[in-house]
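A.B. asks: coords below, sequence missing:
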């Protein structure tokens, strides 16, 4: 029985930021030395950021990463640092004919040198992941490393999910502890899954597991940290905070060497026996559903803005639930003084909505300006008249108004340098009722993956932090459902159908078997299929459900497969691609 | 020495169209029987269309495909049909932890039955391809099939590109001919590569190769046919037309059985000796550069429109080269009577451009309407004034005008049901000078992958078919370069830098070494990197170069890697994300 002092740093995930990442890694290394840690575990691709997409194919980037890694190695001391990076390997062809020569690596830095690199074996290529596209798989799953008195296994993220993969090979080769850098994006069911996984890997192999994740928004993903240390029985020894960077350090009791294997790679053989033991750290509390999602939205919006050079944001604020929640997220993400809300009334806009918007802006302390759209809509309608034979009809007029508002929003964004936020939600995007270039105009769409019903829960959660969103916003019928003959089911029902179809990939029969009206289900599923073209032109927005639109669900635009189409089941309110 | 009568049908590629594809396959099967063909080879995934993307994960679709295949099998007779389809296999985990249970198959139908299915081994997962995402790899590369007197190898597309893959294993197992269904998308350098490949596979294995490709536009891809039959020496026996569906039939002389292998699967053992020999067919001529691209654009636009339910298109026509070529493509794709051009002058629009637009519309015989934008721009500027402190400045105003035009275009599209075509080109999209929701507004962007300089070659090619695009359009300085201080290099130079960086993935040093000014190169490359956010919200457009934007080149939006940034090299005319 020996003690391994393990430090973990759930660092910010910043793609391409070799300088900033190096600086943050060096800080963590210096801190871990101060803690007299034996090993410091950092997230997957901590040096380069994750996911790299085709940046991994850029030779200059691969070369610059190698140089940055060498600089980190030179700064390493008696604490062994396990740092995620990319690494050049011998060209290898695997599932196709293209040779890849870059692997995802976990480099072990010690005493001024790179003492070895583990190469990730399993490359996730599903949902949001595309690793088989750009990376060579490693070929040594069972590598283990002597770090002082301990034999450690090192693997990376997906390697751990197999049930019979690198951790199992490493445990069989004598590993007393499993160190696992991760880049595991958030969705609302993910944290629990991670804990169950880490616990089962620990129990199966009879060794503790150190699971370190990164933190931060990257385009459509947000990484939520929540790093974990579990003992050999799968009990949680430590859980890091979610949605915040953090460092932690603890003394991990490992079993006796399980096997003396001459194939173990030696990082170093020094043993420290003079340290005062550390008190066990207190695991951070876990957040509940709405709070977790709220924090995910705030972090994703903040990181998208600042990493794309914006300190402020502008959005259209109608007083409805979508724009109200977007405004509240932006205010928390960027500071209320950095958010400008535009009220853009047109003839027919309800006074109650305008008042709710103004009151919300006051509550949040964000900027608020009114731009009356009347002056533009009149002339525009006139211009169109000769071509479309009469004034634009209901749907066209509504879309035109939404697009004028989008154009105004972007003009303000262009002039002031504010990030334009789109306010559309997942339900609208599912059934195609969001207006392309209208309420979906902007650089980022915070609510893109939030079902409508979740927005009400988010608003109520936000109001527990201080009065913000008006009760009228929470109780009024959404404007999309006012005054028109819409055959759509209520949002509660609609969102469940969307969740079953999109998130859980259930089919028509499954959903009908769950108790829904077949006519409604057919109609909704066909709307979802039909809205694919529109979804392709929407801004990025953060994934918070098990299956988001975007890279998480890639359907052809041109697709003749219409299993749900049936004239008798077509729902009123169905949207054309362009609306 | 024996004779195998091979029929090939390069069918339309229609994703999800199980009914239509089945009908076209049945027609080809009946025709092949009439030809007394021994074997009919169809393209990869002929039954389902290619690429399926995540449609391959939909259980209802997989099930419906199986039923459709069984119907085809029941219709099969003495001609053995090799049809591309998806096929359920035992779940298999390969490069990650997700089991896949659907393979890409080539089913052999004969005498009313499915006599066997080959499963594609190599799954391309690079450039536009994502096959490792959704498919299980096959595990029997060396399968060979007795079809009458001949032993044939069957493999699929990528399987053929390895140099030591399934064709080699099949030849070693006695294959006298290699039958290869393909779904090989066009780019301007592709046809030559295919011929070289087929010839080298034939020569290496000493057997003839039958390479059958599909035809048609599918979102960002266009399949150009150009199927090939080469003899054992790699000489072309037949080449099918490009960009058109076609059937062909020829008598292929195969060598003697190369090996009697009891592992051969028997499709049938009937031998036909009573047929009159067929005269050798004449290979179709190959098109040159501009003509090939022109036909690719026309086919892609036609298929996008009709497969998405549109018979007509609308576009903004300025009289510049971009919109002029787009109009000419649309006129050929949909018929001039089905194209409506909108001239949308604003104060400052050159009379010469308006005249060129009108004349082009007359030449093409397309509809032409004028909508003067003055009436809208005035009031809009006034509305913005209080917020942006004064009237919008040059760039903002230009973008606002472009977005008003985009909104008008979409309103007309909404009302008339015409497909809205965006007119932006690849050069603009590269450096970020296209206006999002403005000249990039639309359902499809035919010229999205066409560099500016290519547009002039396309226009001149088009004019060889009949007078269309005005000489003034071809010789005037493009409006983007008029009257402003733009430090961009001339288009010839700009396009070569873009091609080297984007298509050939050259780095800064390579490009400078080719003789370009380092200051210009750094500036252009940084503009290309900086425009990534904008590219994510553009409509689909057809790939015609070796590397298009879109699924072919996937870069992170949020990316701190700025190797080219340098204040001294920043170019005037650089565009903000939102412009």
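C.D. replies: Yep, it's here. Since we're looking at a predicted model, the values are computed, not measured.

A.B. asks: tell me the contacts of residue A:416?
C.D. replies: A:312, A:314, A:340, B:388 (C-beta atoms under 8 Å, 6 or more residues apart in numbering or on different chains). The C-beta positions use only the backbone N, C-alpha and C, and glycine is treated the same way.

A.B. asks: list just the nearest of those residues to residue B:242.
C.D. replies: Nearest to residue B:242 out of those is residue A:314 (C-beta to C-beta; 49.0 Å).

A.B. asks: just give me the closest of the contacts of residue A:416 to residue A:496.
C.D. replies: residue A:314 (33.9 Å).

A.B. asks: residues near the nearest residue to residue A:247 once chain neighbours are set aside, how many?
C.D. replies: Excluding the flanking residues, the one nearest residue A:247 by C-beta to C-beta, 6 or more residues apart in numbering or on different chains is residue A:9, at 4.7 Å. Neighbourhood size, residue A:9 [other C-beta atoms under 10 Å in any protein chain shown]: 28.

A.B. asks: next one: the spatially closest residue to residue A:341 that is not a sequence neighbour from chain B, what distance?
C.D. replies: Spatial nearest neighbour of residue A:341, chain neighbours left out: residue A:317 (3.7 Å); criterion: C-beta to C-beta, 6+ apart. Look at residue A:317 and chain B: by C-beta to the nearest C-beta, to the nearest Å, they are 14 Å apart.

A.B. asks: how many neighbours does residue A:317 have?
C.D. replies: 30.

A.B. asks: list the helices and strands the longest strand along chain A packs on?
C.D. replies: Ranked by residue count and defined by DSSP state E, the top strand of chain A is strand A:80-92. The contact analysis (3 or more C-beta pairs under 8 Å, 6 or more residues apart in numbering or on different chains; DSSP states H and E) places strand A:80-92 against helix A:18-34, strand A:39-41, helix A:59-74, strand A:100-110, strand A:113-119, strand A:177-181.

A.B. asks: flag every buried residue along that strand.
C.D. replies: For strand A:80-92, a neighbour-count test (16 or more other C-beta atoms under 10 Å in any protein chain shown) marks A:80, A:81, A:82, A:83, A:84, A:85, A:86, A:87, A:88, A:89 as buried.

A.B. asks: reformat those residues as JSON lines; add pLDDT.
C.D. replies: Shown next, in JSON lines, are the buried residues of strand A:80-92 (pLDDT from 0 to 100):
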{"residue": "A:80", "pLDDT": "98"}
{"residue": "A:81", "pLDDT": "98"}
{"residue": "A:82", "pLDDT": "98"}
{"residue": "A:83", "pLDDT": "98"}
{"residue": "A:84", "pLDDT": "98"}
{"residue": "A:85", "pLDDT": "98"}
{"residue": "A:86", "pLDDT": "98"}
{"residue": "A:87", "pLDDT": "98"}
{"residue": "A:88", "pLDDT": "98"}
{"residue": "A:89", "pLDDT": "98"}
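
A.B. asks: same list, these, but as TSV with distance to residue A:217 please.
C.D. replies: Shown next, in TSV, are these (distance: C-beta to C-beta, whole Å):
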residue	distance to residue A:217
A:80	30
A:81	25
A:82	24
A:83	22
A:84	18
A:85	21
A:86	21
A:87	26
A:88	29
A:89	30
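
A.B. asks: which of these sits closest to chain B?
C.D. replies: Lowest distance from chain B to those (C-beta to the nearest C-beta) belongs to residue A:86, with 12.5 Å.

A.B. asks: identify the residues contacting the closest one.
C.D. replies: A:45, A:47, A:48, A:52, A:56, A:62, A:65, A:102, A:103, A:104, A:105, A:135.

A.B. asks: what about the last one, neighbour count?
C.D. replies: The one in question is residue A:135. Using other C-beta under 10 Å, residue A:135 has 26 neighbouring residues.

A.B. asks: I'd assumed residue A:101 was in contact with it.
C.D. replies: No. The criterion here is C-beta atoms under 8 Å, and residue A:135 misses it with residue A:101 at 9.5 Å.

A.B. asks: spell out which parts of the stretch 401-550 of chain A neighbour chain B.
C.D. replies: Applying C-beta under 8 Å from any C-beta of the partner chain, we find that the stretch 401-550 of chain A lies next to chain B at A:403-404, A:406-408, A:410-417, A:420, A:436-437, A:441, A:443, A:505, A:507-508, A:533, A:536-540.

A.B. asks: quick one, which of these are buried?
C.D. replies: Buried members of those, counted by 16+ other C-beta under 10 Å: A:403-404, A:406-408, A:410-416, A:420, A:436-437, A:441, A:443, A:507-508, A:533, A:536-540.

A.B. asks: and those, which of them are in strands?
C.D. replies: Among these, the members found in strands (DSSP E) are residue A:420.
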